[in-house]
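Chemist: structure for this input, please:
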Amino acid sequence: MKKVLLAFLLSASTTFAAAQKIVPVVWIFSPSSTQGFMVRQIINEANLIQNKYQFIFEHKPGAGGAVGVNYVTNLNQPTILAHTASFFIRPYMMQEGSYNPEQFAMLNNYCADQPLAMISKNFKSLADVQKANKASIGVLPGSITNLLVAEYKKQNPKLDLVEVGFKGTPEMTTSVLGGHLDLSIEFLAMVHENLNILGITGVQNHGRARSFKSQGINGYEQIANSYYLFVNKNTDAAVTQEFSDIMSRAVTSKRVQDFCTQEFGRPVNVFGSAAKDLFVEKHKFWQQAVGNIVK
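Modeler: Okay, the predicted model is just below:
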């Protein structure tokens, strides 16, 4: 009797698992970063609150996120793309591997206003930089950091600011720590403790990190990162609505919000018609911002 019952339970469990629809959630940057863990936690929460779909983490890095975007574009199954503000920036800054953001619909904006920091070892303050005749600054291809650099150059025309290209943030940080590079841009949560934080984007101060605005310098308030979930517009409307409903519940978990706060971001839950409006707003803003520096 026990064997029959066990066989029944195993059969029922297998049937249940097979009935669940597998949905990849594609993340395009480091899977071991806090942002990557935040995506994993959203997936965990989404799987706990319903049993129709089995959301799974899938990592598709490369070309500043373009590889992952194009991968999702070409898939023939419902898939969620987890991305950052770079989703709107890269296609207008880099032609290689480009994509059309309007092929996607925003499901959710779950973490907003993550500040960028201008950091240095050679300079202790923005005033010190402005007194210099020349300085070097690191840039990453197709990155939001380039917009901050462009704004700084525009506001300081007398400073000979030499841009030095890097493939990734770790190499750039190493160069700044060694004093070979004067300035760099990094997310505030990732700034090395031995580096000086000269200013941060957004409007809030965070401990020793003072915003550009609080130092009397405007123009950096909106140059901040955010985190989004997207789906291909070809996804069935009913499925898209289900995903939106599920994710709007998943992102409100304390663990997800704690990850966002650790990144100095602001936990939000923008979905439905508000997400559609936000997509239009952010798309227009970043397209114009990039257009001002890419002629």
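Chemist: does Ile246 touch Asn51 like I think?
Modeler: No: Ile246 lies out of contact with Asn51 (C-beta atoms under 8 Å); the separation is 10.9 Å. C-beta: built from backbone N, CA, C; applies to glycine.
Chemist: between the two, point out the one with more neighbours.
Modeler: With neighbours defined as other C-beta atoms under 10 Å, Ile246 and Asn51 compare such that Ile246 has more, 23 against 11.
Chemist: SS state for the more buried one?
Modeler: With DSSP: H, G, I helix; E, B strand; the rest coil as the basis, Ile246 sits in helix.
Chemist: quick check: closest non-adjacent residue to it.
Modeler: Counting by C-beta to C-beta, 6 or more residues apart in numbering, Ile246 lies nearest to Ala46, which is 5.2 Å off, once chain neighbours are set aside.
Chemist: quick one: secondary structure of the one you found?
Modeler: Under three-state DSSP, Ala46 falls in the helix class.
Chemist: which stretches of the stretch 51-200 of the chain form strands?
Modeler: Here the stretch 51-200 of the chain has its strands, by DSSP state E, counting those that start in this stretch, at 53-59, 80-84, 104-114, 116-120, 134-139, 160-165, 184-187, 196-200.
Chemist: hey, which of the ones you listed is tucked in deepest?
Modeler: Greatest average neighbour count among the strands of the stretch 51-200 of the chain goes to strand 80-84 (a mean of 26), per mean count of other C-beta atoms under 10 Å.
Chemist: tell me what that strand is packed against?
Modeler: Counting contacts by 3 or more C-beta pairs under 8 Å, 6 or more residues apart in numbering; DSSP states H and E, strand 80-84 is packed against strand 21-27, helix 34-48, helix 66-74, strand 225-232.
Chemist: so which elements touch the second one?
Modeler: Using 3+ C-beta pairs under 8 Å, 6+ apart as the contact criterion, the neighbours of helix 34-48 among helices and strands are strand 21-27, strand 53-59, strand 80-84, strand 225-232, helix 237-250, helix 254-262.
Chemist: now do the third one: distance to the chain's middle.
Modeler: In terms of C-alpha atoms, centre = their mean, to the nearest Å, the centre of strand 80-84 is set 8 Å apart from its chain centre.
Chemist: and Val191, what does it touch?
Modeler: By C-beta atoms under 8 Å, 6 or more residues apart in numbering, the contact list for Val191 reads Ala117, Ile119, Ile197, Ala209.
Chemist: quick one on the thing from earlier: possible to save the helices and strands packed on strand 80-84 as JSON lines with mean neighbour count and distance to Thr201?
Modeler: Listed next are the helices and strands packed on strand 80-84 as JSON lines, based on neighbours: other C-beta atoms under 10 Å; distance: least, C-beta to C-beta, whole Å:
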{"stretch": "strand 21-27", "mean neighbour count": "19", "distance to Thr201": "23"}
{"stretch": "helix 34-48", "mean neighbour count": "20", "distance to Thr201": "17"}
{"stretch": "helix 66-74", "mean neighbour count": "19", "distance to Thr201": "24"}
{"stretch": "strand 225-232", "mean neighbour count": "23", "distance to Thr201": "9"}
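Chemist: tell me which of these lies nearest to Tyr152.
Modeler: Of all these, it is strand 225-232 that lies closest to Tyr152, at 17.1 Å by C-beta to C-beta.
Chemist: residues in contact with that closest one?
Modeler: Residues outside strand 225-232 that contact it (C-beta under 8 Å, 6+ apart) are 25, 35, 38, 42, 72-73, 75, 78-85, 87, 103-116, 144, 187, 240, 243, 247, 260, 265, 282.
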